[in-house]
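# curious how this folds, go ahead:
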Amino acid sequence: MSKSKHEKRLDRKRKLNERGRRRSERVRLLRNRKRRIECRLRDRVWSPRDEPMLAAGNIHYELSDKSRGLSVGGIGAMHLLARRVGLIDRIDEQLKLLKVHLPYHESDHVLNIAYNILSGGTCIEDVELRRNDEVYLDALGAERIPDPTTAGDFCRRFTAEDVESLMDAINETRVAIWRRQPDAFFDEAKIDMDGSLAPTDGQCKEGIGLSYDGQWGYHPLVVSLANTKEPLYLVNRSGNRPSHEKAWLYVDGAIELCRRAGFRKVLLRGDTDFSQTRHLDRWDDEGARFIFGIDAMPNLKQTADDLPESAWKALKRLPRYEVKTEPRGRRENVRERIVVEKEYENIKLVSEDVAEFIYRPTACKKDYRIVVVRKNLSREKGERVLFDDIKYFFYITNDGAGKESGTHFANKPSSSRDEIVAQANDRCDQENVIEQLKNGVNALRMPVGDLVSNWAYMVMASLAWTLKAWFALSLPEQGRWAERAWRRKARVADGVQDVPQRLHPRPVSDHPRWPADRLSAAGVEPVAKRVPGGVDAVRSMPPAPCIRCHGCQSNAQCRCHIRCDVEVD
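This next block holds a predicted model:
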């Protein structure tokens, strides 16, 4: 017998009240714990103590069956996120490496490597630690996970096309995450590109090469979104390949990805290796704005020398941060003092000027704006000035020149010279992303035997970083505290010097009567109080449509409704 509308309304109200009660209880517990720790750490006038502060002596350990501990309890939140946004289904659908699933699917192997990184693993061998952690396996609802040897064998199954398919599956999920963001998120997508050397001591690795600085290894390409610091494309290459090789191909893919997600504008940024003049006209026609460094070629330096002095203006650097109280006094520059005392040769920056002119690269059919920075340097030895020097730095852009040079590009926003330089220098923040990929999630360690298999490992390990960014984007951001919530999301997205400790609270798992996938968080770390809200936000997401049957609407025999919570007659 069906319920009346009044009874259904009462049921919904009861569920909302129960959900609000549980949320209030969590907030109360965390607030009380924070209050107690603040009380213990409050400023007090201490009297002399006869004993050290660390006074515990009667310590005993015992084994108990009533509770089990897990140091990476946030792994449940990451797995819930991966399932809720449809990442698991997309990987299984687009990546076809296994003919028979005995017992693992492709997504099991991919997430096994990513979760190992999220759990503090630094190399592929650390998967064995996860395999032997009963609570870890229970938290993921897994009877077992692949061992390190099986994980390495899975990496060796990849071809270049398979790695592309894996990146496409991740990027499809990425677009779905982006589309859930507020309207301001889509103002402009800032796409950065750079290459980085990944040296290796292995002598039997296929595809390695000798780099320009004499190191053996690989030379990966990283194309990332500066807004969220997500790596959109990672491409492994031999160590002797140039930074810009095939970069345009993946930049085109990143532009298409951002357009499909709903970004209204796109900005491309890169250093002098990525100016790629053959493609500037095409990107300009497609409406993408770009700011690239360009080599200080003789003809550009001659043009800068010929500019009248009236064309130069002092460069105004934007402040790194806003001082909210009083500016602090500068400490003595000890290194500078030692350089003067020892009479080492020193280069000092005297002033910076900026100018601009119009230039057409040889491979282009259009004129573009060149913004040039002139650094006036002084070479000194001790307190003696040896001679003055001048260095030029050039940036090419299709951003309109405006009134400053008397020229203007139609239908283009016009940024000042100082803003162009600031935006170009802001690309340097991508070095922090690359550093995290190298030494934070260890995605560029190259643990396998050839170029493509290491490329596959690189993409799977970087998924740990991507899941962190997605979790930050899933945090609630509504109501009167929206601005504070946005800052909180930014802290979670940026603060990943150490992914496992910063992202996960310390949990204690599993009351005996609870299901194996229920975890109770214990701890008052700054990030711990954000995890329950993020988990609630992830759980409230509408399930991703079934890839196999397009939302379980066209195929009544589909069993995917078991996972995506859609009833099928």
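# tell me the buried residues in stretch 199-210?
Of all the residues in stretch 199-210, those buried under the rule 16 or more other C-beta atoms under 10 Å are P199, T200, K205, G207, I208. C-beta coordinates here come from the backbone N, C-alpha and C atoms, glycine included.
# ok, and the closest non-adjacent residue to V266?
The shortest distance from V266 to any non-neighbouring residue, by C-beta to C-beta, 6 or more residues apart in numbering, is to A288 (4.5 Å).
# restricted to helices, list the buried residues of stretch 199-210.
Among the buried residues of stretch 199-210, the subset assigned to helices under DSSP state H is empty.
# now, which of the residues you listed sits nearest Y321?
P199 (34.4 Å; C-beta to C-beta).
# check the closest one and give its pLDDT.
Listed pLDDT for P199 reads 90.
# could you measure from it over to I208?
When C-beta to C-beta, to the nearest Å is applied, the distance between P199 and I208 equals 9 Å.
# same thing with Y392?
Relative to I208, Y392 is positioned 36 Å away (criterion: C-beta to C-beta).
# quick one: buried residues of the helix or strand hosting C155?
Secondary structure here is read from DSSP states H and E; on that basis C155 sits in helix 148-156. Along helix 148-156, these residues count as buried under the neighbour rule (16+ other C-beta under 10 Å): P148, A151, G152, F154, C155.
# quick check: the first one touching V127?
Same thing as P148. Yes. Counting by C-beta atoms under 8 Å, P148 does reach V127; the two are 4.8 Å apart.
# continuing past the longest helix along the chain, what's the next helix or strand?
Assignment by DSSP H gives helix 5-40 as the longest helix of the chain. Using DSSP H and E, the helix or strand that follows helix 5-40 towards the C-terminus is strand 68-69.
# each with direction, which strands does that following strand pair with?
If you go by DSSP bridges, strand 68-69 pairs up with strand 507-509 (antiparallel).
# among the buried residues of stretch 199-210, which pair sits farthest apart?
Greatest spacing in the buried residues of stretch 199-210, by C-beta to C-beta: P199 and G207 (13.6 Å).
# setting aside sequence neighbours, what's the nearest residue to E125?
Going by C-beta to C-beta, 6+ apart, E125 has P148 as its nearest residue, at 5.0 Å.
# got a pLDDT number for C428?
Here, the pLDDT recorded for C428 equals 89.
# and L16, by the same measure?
Turning to L16, the model gives it a pLDDT of 77.
# that one and R130, how far apart?
Using C-beta to C-beta, which is the criterion applied here, L16 is 38 Å from R130.
# remind me which residues of the chain are low pLDDT?
Within the chain, the ranges that satisfy pLDDT under 70 run 1-3, 49, 51, 53-67, 401-413, 477-535, 539, 544-569.
# okay, now G287: neighbour count?
The criterion is other C-beta atoms under 10 Å. On that basis, G287 has 14 neighbouring residues.
# am I right that it sits in a strand?
No. The assignment for G287, made by DSSP: H, G, I helix; E, B strand; the rest coil, is coil rather than a strand.
# and the nearest residue to it once chain neighbours are set aside, bridged to which residues?
Residue nearest to G287 in three dimensions, not counting chain neighbours: V266, with 7.5 Å by C-beta to C-beta, 6+ apart. Here V266 sits in beta bridges with A189, as judged by DSSP bridges.
# V266 touches R260, doesn't it?
No. Counting by C-beta under 8 Å, R260 is not a contact partner of V266; they are 11.5 Å apart.
# between these two, point out the one with more neighbours.
Shown here are V266 and R260; by other C-beta under 10 Å, V266 has more neighbours (22 against 13).
# can you give me the strands in the stretch 351-500 of the chain?
Assigned by DSSP state E, counting those that start in this stretch, the strands in the stretch 351-500 of the chain fall at 368-381, 384-397.
# mean neighbour count and distance to L315 added to those strands, as JSON lines?
Compiled in JSON lines, these are given as follows (neighbours: other C-beta atoms under 10 Å; distance: least, C-beta to C-beta, whole Å):
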{"stretch": "strand 368-381", "mean neighbour count": "19", "distance to L315": "6"}
{"stretch": "strand 384-397", "mean neighbour count": "16", "distance to L315": "10"}
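# of the ones you listed, which is nearest S71?
Checking the strands of the stretch 351-500 of the chain against S71 by C-beta to C-beta gives strand 384-397 as the closest, at 47.0 Å.
# dump that closest one to CSV, restricted to CA.
C-alpha atoms of strand 384-397 as CSV (Å, rounded to 0.1, in the frame of the first residue of the first chain):
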residue,chain,number,x,y,z
ARG,A,384,83.9,48.5,-6.7
VAL,A,385,81.6,48.8,-9.7
LEU,A,386,83.2,46.9,-12.7
PHE,A,387,80.7,47.8,-15.4
ASP,A,388,77.0,48.1,-16.1
ASP,A,389,75.0,45.5,-18.1
ILE,A,390,71.6,45.3,-19.7
LYS,A,391,69.4,42.1,-20.1
TYR,A,392,66.3,41.9,-22.2
PHE,A,393,63.3,39.5,-21.6
PHE,A,394,60.7,39.3,-24.3
TYR,A,395,57.1,38.1,-24.1
ILE,A,396,54.8,37.6,-27.1
THR,A,397,51.0,37.9,-26.7
